Every structure is written in C-alpha cells, then in structure tokens.
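# Could you look at this predicted model? Sequence included:
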Amino acid sequence: MQWLATLSLGHQSADYVAKTSNAKTPDGVVHMANLAVKISSLLEAVARDLSLERKTSLDNLVGAALSEYLLSSPRRMYQISTSTALVEGVYSGSLSSRTLLKEGDFGLGTFDGLDGEMIILDGEIYQASGNVRQRSDEFLVPFASVTHFREDAVFQIDKVECLKDIELACDPHRISENLFYAIRVDGVFEAVHARAVHPLPQGSRLLDAAKTQLEFHFHNVEGTLVCLWSPRYSSSFSVPGYHFHFISNDRRKGGHVLNCTAQHLHARVQVVSQYDVRLPESGSFLTTNFDEDPASDLAKAE
Ligand SMILES: [Zn+2]
C-alpha cells in the first residue's frame, strides 16, 4: 500500500524567485506556476525533513530537484581523467566523490592508488576490493565515468553461457558504433567470475596491477551488471568496447567481470552522445608522458 500526499508548490513571490533562479524566460522574468501533485507520503516526509535541515522552502527544494531531473541531459556521460593516464600509472584521486555523484548515478571507475573496482549504481558508490563496501564518505576519485541512467531500450537476454553472449545480445540495441552506451543488466546469475585490482605503489603501470589482481567466483547470485560501451576511436580516453562491473543485490559481492553464466536477464540500454571529460589540474597527470597509444595495454589489462 502506498500512501499518497498532495504537495502544493508556488507560494513564493515571483520577485524572490527571479533573484535566485536561473530558469529565466527571454524577457528576464520568471513566471511562477502552481503545481499540485500526488507523491508517496514517505517522499513527502523526506522532502519536508530536508527542507527544514537545509533551511530552505519546500518550493525551492522541490523546484531544484525537479529541474535537476527534468533539465539534465540523459545523453551525457561525465568522466574524470583518461584511460591513457590509468595505463601510465596516474591514479591518485583528483575529483570529489560528491561531485561525481552530482554528475551521474550509474557508472564505472577505480579508486585512489588503484584500490579496487568502482561501481556506481542507483546513486551510490561501491568499492569492490575483495569484499564490497559502500562509500558514502567524501574522497577523491582518480578515474570514473558516470551518467544519469535513463534507458532508451529494454530487452530480455534468455540464455547466457559466457559474457560474450551478453555482448552479442546487446549489439543490435546499439544504434551506431560511433556513440557511447550505458547498459544495465539485472537478474540471477548462475556464476560470475570477477576480479578486483589491488593497490600498487604509485606510478606502477596498469599492466603490473592486472598481474596481481584478486579473482573471485560467485554462484547463484542475484545482482546487476553495470556496463559502459565505448567506441574504438575513444581508446585514449576510455576503455573501448564493453566494460562490465558486477554488484550483488545484497551489495556484498562485486568486481570487474571476466565471465558469467545466467538465464532470463533484464537488460536496459541508454544512448550516450555527450562525452564530458574533465582532466586533473595537478599531480603526475601534468608531467607524465601520454604519447604512447594505450589500446594494446588496455586490451590486456581490462
Ligand atoms: Zn573494470
């Protein structure tokens, strides 16, 4: 049973909002509207608590949340650093985890010093490095790509005997080889073979990290594959092709996926046509030589 509450917005003077909002019409005036919507009483309670906590009105709070949802582009991927930098051993954190989560709720990455695989799912960051832990603290991220996940296509994958079967099932849902894609696959997996990199001295190349990775086998586990697909031409920036990380529903198992078997998986694909790359402005990123093409090292390490 879902209890509904009615939330009425729009009690503020247009004058006040005109000073604080940037959603102005061409004539420079913000026109206010009243909106009455039914939401769950749980959501209403959260909104009222948060408005008290932040000392802001319900109008401001819900307006900000709505504009973030409605005006953010569902086609945009946001990334910190590049795959070339990772390959060359530049993996000290440079972007706040809070900033990363503002830019997306779904994606992949790694941690400072290459301390595990990063999984960003439903707006939470998880660190898989043998065990899995949720990271709700603020920390610096060396490399990650995120998007606000909203699917363009939904389909079933019936029989998966190896990871390649998932790739083959996703292939027809990618409308071009020249765009990026975010892919979410949910279901019960008979087996998942995963790995996690673990820390090496700063400056060690990615290939050396791949040699000392930890490997895991999970059986009969319900969970989610978080996948990004990047075009071949993006190999200096991203990991070309499919890149899968796994996390179980109980959030206790996870890692970079090497193989899996499953039946009846539920898949969703999002097209990504905006690629927003932010580069670290300090540290070894500024002085390391990135002339070499990382593609062959990436293929071996990832
Ligand atoms: Zn990975």
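That came in fine, so what should we check first? Residues are numbered from 1 along each chain as shown.

# Just the buried residues of stretch 242-254, please?
Tyr242, His243, Phe244, His245, Phe246, Ile247, Ser248, Arg251, Lys253, Gly254 (16 or more other Cβ atoms under 10 Å). (C-beta placed from N, C-alpha, C; glycine too.)

# With just CA atoms, put it into CSV.
Written as CSV, here are the backbone C-alpha positions of stretch 242-254 (Å, rounded to 0.1, in the frame of the first residue of the first chain):
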residue,chain,number,x,y,z
TYR,A,242,32.1,-3.5,-23.4
HIS,A,243,33.3,-3.0,-19.9
PHE,A,244,31.3,-4.8,-17.2
HIS,A,245,31.4,-4.5,-13.4
PHE,A,246,29.1,-6.6,-11.2
ILE,A,247,27.4,-6.0,-7.9
SER,A,248,25.1,-8.4,-6.0
ASN,A,249,21.7,-7.3,-4.7
ASP,A,250,22.9,-7.6,-1.1
ARG,A,251,25.9,-5.4,-2.1
ARG,A,252,28.4,-7.9,-0.7
LYS,A,253,29.9,-9.3,-3.9
GLY,A,254,31.3,-7.4,-6.8
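
# now it, how far from the centre of its chain.
13 Å (Cα atoms, centre = their mean, to the nearest Å).

# And stretch 252-262, by the same measure?
17 Å.

# How about stretch 74-85?
Chain-centre distance of stretch 74-85: 10 Å, with Cα atoms, centre = their mean.

# Also stretch 264-280?
8 Å.

# Domain map for the chain?
4-71, 76-301 (automatic domain parsing).

# quick one, which of those is packed in tightest?
Mean neighbour count (mean count of other Cβ atoms under 10 Å) peaks for domain 76-301 among those, with a mean of 18.

# Show me how far it is from its chain's centre.
Chain-centre distance of domain 76-301: 8 Å, with Cα atoms, centre = their mean.
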